[in-house]
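Chemist: Structure for this input, please:
(one chain, ligands or ions: 2)
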Amino acid sequence: MRAAINSSLAKTKVALIECPDYDEEIVSRALRQGIDLLGGITRFVRPGEKILLKPNILNGAAPEKCVTTHPSLLKAMGLLGQGNGARVSFGDSPGFGSAQTAAAKSGLAAVAAELGMEQADFNTPAQVSFKEALIAKQLILARGALETDGIISLAKMKTHGFMRITGAVKNQFGCVPGIRKGEYHVKMPRNEHFASMLVDINRYLKPRLYVLDGIMAMEGNGPGSGSPRKMKVLLLSSDPAALDAVFCKLIRLPAPFVPTMKAASESGLGTWADEEIEICGAELSHLVAADFKVIRQPSVPFDRAFPYYLKKWITARPFIDNSLCDNCGVCTEVCPLELKAIQHPADRKNPYPVFDYERCIRCYCCQELCPSGAIDIKRPLLSRIIHR
Ligand code: SF4
Ligand code: SF4
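Modeler: Ligands and ions are numbered 1, 2, ... in the order given. You can find the predicted model right below:
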């Protein structure tokens, strides 16, 4: 009996809390329930501390689009932190454009103003050294993410073309200011390198608590243009890999398909092993969405040195549905390559941007940030046959 208790205590806890909608009272109750299962708020917030809440704002969108962390969750966590005597702020850096505008569009700025929470400086970059890093020994991070006593990550449950899902681990990429994110894509186009860098950011910043807003998730063409999907859950843990592993269980996606899992377990950031995770709270089997629309194949390693035919046949590529494109030019702006891999053709006979697939590094920034949902990802035939 004692052995069983000990082994249970040694496991990483993930709280799975059913939460039917974004009613403020209901979200607040669900959040408190989850935090209590993990040891209570005093484990994560102490009086007098400066606590940063890190939602997912991406490029700013109305809450019903399910692109961003819902304002009800920011409010519930803000009140909880303030109630425990902390000075609470919030911040995230969008993929492009101003952090202030994106926060206003998402409804998060209004909630923050109501609570008197400042928006932290996510525009000014600071370089830090991290000698224990797997890959990113020098990190460029937003000043606001560094000048705090502790971070609570408020992630959004969504799909992601490159990393398969964007959950707890991926959320901290928003601590890289603005277009500096593109530099990481250019330096680390291989998915396992990019995943290691995401893990490094988490290991450096050490968020104390990760909360995943899966009340209304995003499936399909995420993380910016997918469809809302009611999942009715909040997930909470101090281990982001374990939390993401439970997200995978909910959508029946094999955890190893998510490239951050391997780097997280090898570096000690967290675990995705079933036998090391204790799910507490709701019964997982009642909340599973096996038909959740997500790319159900491993992320294929990509290397710029690959010959073109290999890229063409095995790596998924972005494509444009011209009927949805309004020629805003964002895709060209956010393409991180100096010589852009998506541009308007010089002759202007075709009014829509076109890809140079030979140059394209398959980072999917254009797909992620196209404001019209005109860019999706197509798997090549060979890849579809292999992973059928
Ligand atoms: S970002 Fe989207 S809508 Fe804008 S030009 Fe590119 S494909 Fe068209
Ligand atoms: S075209 Fe799109 S996927 Fe290709 S490198 Fe540019 S942003 Fe990345």
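
Chemist: Surely residue 96 and residue 333 touch.
Modeler: Yes: with contacts defined as C-beta atoms under 8 Å, residue 96 counts as touching residue 333 at a distance of 6.3 Å. (Glycine included, C-beta is placed from N, CA and C.)

Chemist: what's near enough to touch residue 178?
Modeler: For residue 178, the contacting residues are 93-96, 99, 123, by C-beta atoms under 8 Å, 6 or more residues apart in numbering.

Chemist: Could you identify the most distant pair in the residues you listed?
Modeler: 95 and 123 (13.7 Å; C-beta to C-beta).

Chemist: what's the burial count for residue 223?
Modeler: 27 (other C-beta atoms under 10 Å).

Chemist: repeat for residue 342
Modeler: Counted with other C-beta under 10 Å, the neighbours of residue 342 add up to 24.

Chemist: do you know how far it is from residue 159?
Modeler: If you measure residue 342 against residue 159 using C-beta to C-beta, to the nearest Å, the figure is 21 Å.

Chemist: Ligand 1 contacts on the stretch 251-388 of the chain?
Modeler: 320, 325-331, 353, 370, 372, 374-375 (C-beta under 6 Å from any ligand atom).

Chemist: From the residues you listed, keep the buried residues only.
Modeler: Using 16 or more other C-beta atoms under 10 Å as the burial test, those include 320, 325, 330-331, 353, 370, 372, 374-375 as buried.

Chemist: what's the helix or strand for residue 14?
Modeler: Using DSSP states H and E, residue 14 falls within strand 12-18.

Chemist: Next: residue 157.
Modeler: strand 150-160.

Chemist: helices or strands up against that strand?
Modeler: The contact analysis (3 or more C-beta pairs under 8 Å, 6 or more residues apart in numbering; DSSP states H and E) places strand 150-160 against strand 50-55, helix 71-83, strand 164-166, strand 209-219, strand 227-237.

Chemist: so where's the protein uncertain?
Modeler: The chain contains residues with pLDDT under 70 at 1-9, 301, 304, 308-309, 348, 381-388.

Chemist: residue boundaries of the strands in the stretch 51-200 of the chain?
Modeler: 87-90, 118-119, 125-129, 138-142, 150-160, 164-166 (DSSP state E, counting those that start in this stretch).

Chemist: Please identify the most buried of the ones you listed.
Modeler: Burial of these is given as mean neighbour count (mean count of other C-beta atoms under 10 Å); strand 164-166 ranks first at a mean of 27.

Chemist: What lies in contact with it?
Modeler: Outside of strand 164-166, the residues that reach it under the criterion C-beta under 8 Å, 6+ apart are 56, 155-160, 222-223, 244, 247-248, 251, 253, 257-259, 294-295, 299.

Chemist: Parallel or antiparallel, which strands does it pair with?
Modeler: strand 150-160 (antiparallel) (DSSP bridges).

Chemist: Would you mind writing the CA trace of the strand it pairs with as CSV?
Modeler: Coordinates of the C-alpha atoms in strand 150-160 are reproduced here as CSV (Å, rounded to 0.1, in the frame of the first residue of the first chain):
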residue,chain,number,x,y,z
GLY,A,150,7.2,34.2,-11.8
ILE,A,151,5.2,33.4,-14.9
ILE,A,152,1.9,31.7,-15.2
SER,A,153,1.3,30.5,-18.7
LEU,A,154,-2.3,30.7,-20.0
ALA,A,155,-2.1,28.7,-23.3
LYS,A,156,-4.8,28.0,-25.8
MET,A,157,-5.7,24.5,-27.1
LYS,A,158,-5.1,24.6,-30.9
THR,A,159,-3.6,22.8,-33.8
HIS,A,160,-0.3,23.9,-35.3
